[in-house]
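1. Predicted coordinates and the sequence they were generated for:
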Amino acid sequence: MTAASKETLGFKTEVKQLLHLMIHSLYSNKEIFLRELVSNASDACDKLRFQALTNNDLYESESDLKVDITFDKDAKTLTIADNGIGMTRDDVVNHLGTIAKSGTAEFLSQLSGDQQKDSQLIGQFGVGFYSAFIVADKVIVETRRAGESAEQGTRWESEGEGEFSLESIEKAGRGTSITLHLKEGEEEFADSFRLQNLIKKYSDHIAIPVFVQQDSNDDDGEGEDASAPEAVNQAQAMWTRAKSDISDEDYKEFYKHVSHDWNEPLTWMHNTVEGKLNYTSLLYIPAQAPFDMWNREASRGVKLYVQRVFIMDDAEQFLPAYLRFVKGVLDSNDLSLNVSREILQQDKQVDSLRSALVKRVLDTLEKMSKKDAEKYQTFWNQFGEVLKEGPAEDFANREKVAGLFRFATTQSEGTEQTVSLADYIARMREGQKKIYYITGENHDAVAASPHLEYFRKKGIEVLLLTDRVDEWMVGHLSDFDGKAFQDVTKGELDLDELADESEKEEQKQLEESHKALIERLEAALKDDVKEVRVSSRLSDSPACLVVGQYDMGGHMRRLMEAAGQKVPEPEVALEVNPSHPLIERLDQEADEDRFAELAQVIHAQAQLAEGSQLKQPAQYVTRLNKLLLDLMK
């Protein structure tokens with residue numbers, strides 16, 4: 001070791017703030033640090049086991065993988081050491097010098113000072129290692145990557161105050177040791193009985209033995225001489241045990257291990273299958289969405305094992321992207337041990353396993369939706385928007401996925417209730433052939449849309465879709481249980497299935513008696529709309545805009561334009577309600593210039609009502625002010 005090999009580096013400003021908040025605020029579940037450090041050690045051993053499949057020399061004549069926990073009561077230190085894969089100097093800088101790369105800002109935004117809530121964010125944001133600073137005022141990491149020489153070891157040291165030091169050291173054994181210098185008052189974690197209880201509580205399920213130093217039985221005052229450490233966990237892969245031998249608490253703690261989520265899961269599925277396929281799966285549905293659910297670069301998938309040998313952390317081939325919230329483990333006997341990511345993507349066995357796991361998850365969600373509506377609503381509130389990607393990604397399960405959807409409707413206004421498509425169809429009006437819906441930016445905006453007036457008048461339920469993915473989703477779903485979807489803002493309203501004969505006759509008479517008004521409006525708005533027609537959908541509003549049946553809806557168009565996408569201009573029609581007092585007054589206007597001004601105002605108001613922005617808002621204000629001044633004369 002030389003002075004030249006040691007350097008001191010600073011954390012980024014944002015990270016310094018995060019460390020400060022963690023150390024001084026997140027105390028209600030401080031024992032979490034041990035679970036996180038032991039889980040990391042277990043992962044390091046799993047990774048070595050996998051890499052050693054093709055390079056047995058990585059074991060360095062020591063193939064028994066383990067985690068050792070030792071302590072020194074006098075020095076007030078606690079050490080968690082593993083003989084896993086270890087880290088290079090660059091690995092140390094990348095993994096320990098940057099906290100929650102993709103989520104630090106989001107993490108900081110959620111820290112509220114509520115200790116219980118804040119402490120639960122630790123696992124959610126992947127910053128488990130730094131939870132060590134909750135109980136330690138200094139942390140020292142000594143590590144060497146398997147396969148490298150003893151002189152290539154690295155020591156990382158920090159007091160959690162904004163900087164850390166790196167130093168080259170000689171380390172005989174591979175792997176990583178983390179030494180915590182415990183704060184005043186945290187001596188309880190330098191106690192064998194306390195440590196054993198925590199390991200049994202949090203890490204009994206991991207497949208690597210965890211050895212804990214035993215307290216000395218020395219009674220002669222000659223000083224402490226701890227007895228040999230003992231393995232305190234079962235060191236058996238939990239998914240291989242019989243379900244009858246596993247308690248709910250065991251399942252919950254294992255979930256925290258594989259997901260690094262402090263919250264308990266919503267439910268889980270543990271299955272062993274023997275036959276054409278031989279595999280064991282233990283899958284979890286979380287209760288809370290992770291912060292990076294919409295980050296396409298974020299890792300996803302289950303932990304993959306082959307005959308209990310760890311293969312990869314995030315095997316995304318076994319679940320589609322719309323189920324990316326599912327966590328867990330898959331252990332199969334039917335996949336080659338040296339299989340690569342590319343081979344996995346083309347393997348027929350992978351396709352079969354994927355189909356089986358997807359069916360398992362969808363069946364579990366369907367069962368939950370029928371037996372526990374409240375729990376399912378919790379799931380839907382967190383993951384419904386992701387699930388809506390399903391019809392586009394998974395055609396084979398399109399109808400099954402759609403059956404899990406829940407929507408607000410015009411009949412659930414003022415409540416938090418949502419309905420399934422099956423419920424909607426079950427209470428459709430006699431003769432109704434379509435599932436009607438409207439999309440928009442938020443619930444209040446779509447609920448107030450003039451396009452809904454006729455449907456409310458006739459008591460016809462309309463789905464209110466306000467998620468960004470909704471219009472895209474409906475475009476891929478197109479129908480459900482034989483009923484086609486119909487956007488109430490597109491095309492001419494089909495009265496054949498909705499109106500009685502008297503209404504149809506009245507509509508024809510209105511169209512005949514207002515031909516002159518329609519022609520005048522078309523002349524005044526020839527540069528703005530394709531056509532003007534008498535509306536069959538309005539009862540209270542003067543006018544509304546309607547795009548063509550196969551044109552992109554207004555909400556989707558606005559989303560794409562906001563994302564910088566150029567979209568073709570739709571063919572827009574202006575529908576007017578000749579019974580509205582404003583339209584009646586317009587029809588009586590003899591001054592063509594004034595008529596044109598009024599027509600432009602009505603057209604602009606229809607644009608605003610659908611949520612669009614005016615191309616020339618200042619011109620609209622000028623016209624409106626002029627009309628107001630005329631009224632005041």
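-> Nice, thanks for sending it over.
2. what about residue 444, how many neighbours?
-> 11 (other C-beta atoms under 10 Å). C-beta: built from backbone N, CA, C; applies to glycine.
3. Phi and psi next, for it.
-> When read as degrees, to the nearest 10, the backbone of residue 444 gives phi -60, psi -40.
4. What's opposite residue 154 in the beta bridge?
-> residue 143, residue 168 (DSSP bridges).
5. Look up the closest residue to residue 305, ignoring the ones flanking it.
-> In this structure, residue 305 finds its nearest non-sequential neighbour in residue 331, 4.1 Å apart by C-beta to C-beta, 6 or more residues apart in numbering.
6. Given the helix or strand encompassing the one you found, what are its sheet partners and their directions?
-> With secondary structure defined by DSSP states H and E, residue 331 is part of strand 327-332. With DSSP bridges as the test, strand 327-332 is paired with strand 279-285 (antiparallel), strand 302-306 (parallel).
7. domain ranges for this structure?
-> Using automatic domain parsing, the domain parsing of the chain gives 3-236, 239-377, 410-487, 505-632.
8. can you tell me how far residue 537 sits from residue 451?
-> Taking C-beta to C-beta, to the nearest Å as the measure, residue 537 and residue 451 are separated by 6 Å.
9. same thing with residue 510?
-> For residue 510, the distance to residue 451 (C-beta to C-beta) stands at 18 Å.
10. repeat for residue 442
-> Distance of residue 442 to residue 451, given as C-beta to C-beta: 16 Å.
11. Could you find the closest non-adjacent residue to residue 281?
-> Of all residues not flanking residue 281 in the chain, residue 330 sits nearest, at 5.1 Å (C-beta to C-beta, 6+ apart).
12. Number of residues surrounding the one you found?
-> Close neighbours of residue 330, defined as other C-beta under 10 Å, add up to 25.
13. On the pLDDT front, check the residue nearest to residue 305 for me.
-> If you check residue 331, the pLDDT there is 89.
14. Pairing partners for it in the sheet, please.
-> Note on residue 331: beta-bridge partners by DSSP bridges are residue 280, residue 305.
15. Cross-check the contact I'm expecting between it and residue 239.
-> Yes: between residue 331 and residue 239 there is a contact under C-beta atoms under 8 Å: 6.0 Å.
16. what residues are shared contacts of these two?
-> Common contacts of residue 331 and residue 239, defined by C-beta atoms under 8 Å, 6 or more residues apart in numbering, comprise 280-281.
17. In the stretch 351-500 of the chain, what residue spans correspond to helices?
-> 373-387, 390-393, 398-402, 421-426, 443-447, 453-458, 470-477 (DSSP state H, counting those that start in this stretch).
18. Format the ones you listed as TSV; extra columns: distance to residue 526 and mean pLDDT.
-> Below are the helices of the stretch 351-500 of the chain laid out as TSV (distance: least, C-beta to C-beta, whole Å; pLDDT from 0 to 100):
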stretch	distance to residue 526	mean pLDDT
helix 373-387	41	95
helix 390-393	38	93
helix 398-402	42	96
helix 421-426	40	95
helix 443-447	29	88
helix 453-458	27	90
helix 470-477	29	90
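19. Contacts for stretch 472-486, please.
-> 388-389, 391-392, 398-399, 402-403, 421-422, 425, 428, 433-437, 439, 465, 487, 556.
20. State the pLDDT value of residue 83.
-> With respect to pLDDT, residue 83 scores 96.
21. how many neighbours does it have?
-> 25.
22. need the contact list for it.
-> Each residue near residue 83 by C-beta under 8 Å, 6+ apart is listed here: 45, 48, 62, 65-66, 173-175.
23. and stretch 468-487, how far apart are its ends?
-> This stretch, stretch 468-487, spans 15 Å end to end (C-alpha to C-alpha, to the nearest Å).
24. ChimeraX command for the buried members of the contacts of stretch 472-486?
-> For the buried members of these, the matching ChimeraX selection, counting by 16 or more other C-beta atoms under 10 Å, is:
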select :388,389,391,392,398,402,403,421,434,435,436,437,439,465,487,556
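25. Reformat the strands paired with strand 327-332 as CSV; add mean pLDDT, mean neighbour count and distance to residue 530.
-> Converted to CSV, the strands paired with strand 327-332 look like this (pLDDT from 0 to 100; neighbours: other C-beta atoms under 10 Å; distance: least, C-beta to C-beta, whole Å):
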stretch, mean pLDDT, mean neighbour count, distance to residue 530
strand 279-285, 95, 24, 48
strand 302-306, 84, 23, 52
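26. I'd like a version of those in CSV, one that adds distance to residue 149 as further columns.
-> Output for the strands paired with strand 327-332, formatted as CSV (distance: least, C-beta to C-beta, whole Å):
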stretch, distance to residue 149
strand 279-285, 39
strand 302-306, 31
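27. To residue 614, which of these lies closest?
-> For residue 614, the closest of these is strand 279-285, at 45.1 Å, according to C-beta to C-beta.
28. Just the C-alphas of the closest one, formatted as CSV.
-> C-alpha atoms of strand 279-285 as CSV (Å, rounded to 0.1, in the frame of the first residue of the first chain):
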residue,chain,number,x,y,z
TYR,A,279,-39.9,-25.8,-13.0
THR,A,280,-40.7,-24.1,-9.7
SER,A,281,-41.8,-20.5,-9.7
LEU,A,282,-42.4,-18.1,-6.8
LEU,A,283,-43.9,-14.9,-8.1
TYR,A,284,-45.1,-11.8,-6.2
ILE,A,285,-47.5,-8.9,-7.0
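29. so it versus helix 373-387, what angle?
-> Counting by axes from the mean of the first three to the mean of the last three C-alpha atoms, to 10 degrees, strand 279-285 lies at 100 degrees to helix 373-387.
30. And the contacts of strand 279-285?
-> Contacting residues not belonging to strand 279-285 are listed as 238-240, 254-255, 258-259, 265-273, 302, 325-334, 353, 356-357, 360-361, 364-365, 379 [C-beta under 8 Å, 6+ apart].
31. Just these: which are in strands?
-> Counted as lying in strands by DSSP state E, out of the contacts of strand 279-285, are 267-273, 302, 327-332.
32. how about those, which pair is most distant?
-> Distance extremes for the ones in strands among the contacts of strand 279-285: the farthest pair is 267 and 332 at 22.6 Å, using C-beta to C-beta.
33. Report how many residues lie close to the closest residue to residue 442 other than its chain neighbours.
-> Spatial nearest neighbour of residue 442, chain neighbours left out: residue 466 (5.5 Å); criterion: C-beta to C-beta, 6+ apart. Neighbour count of residue 466, defined by other C-beta under 10 Å: 18.
34. Of the contacts of strand 279-285, keep whichever come out buried.
-> Buried among the contacts of strand 279-285 by 16+ other C-beta under 10 Å: 238-239, 254-255, 258-259, 265-270, 302, 325-332, 334, 353, 356-357, 360-361, 364-365, 379.
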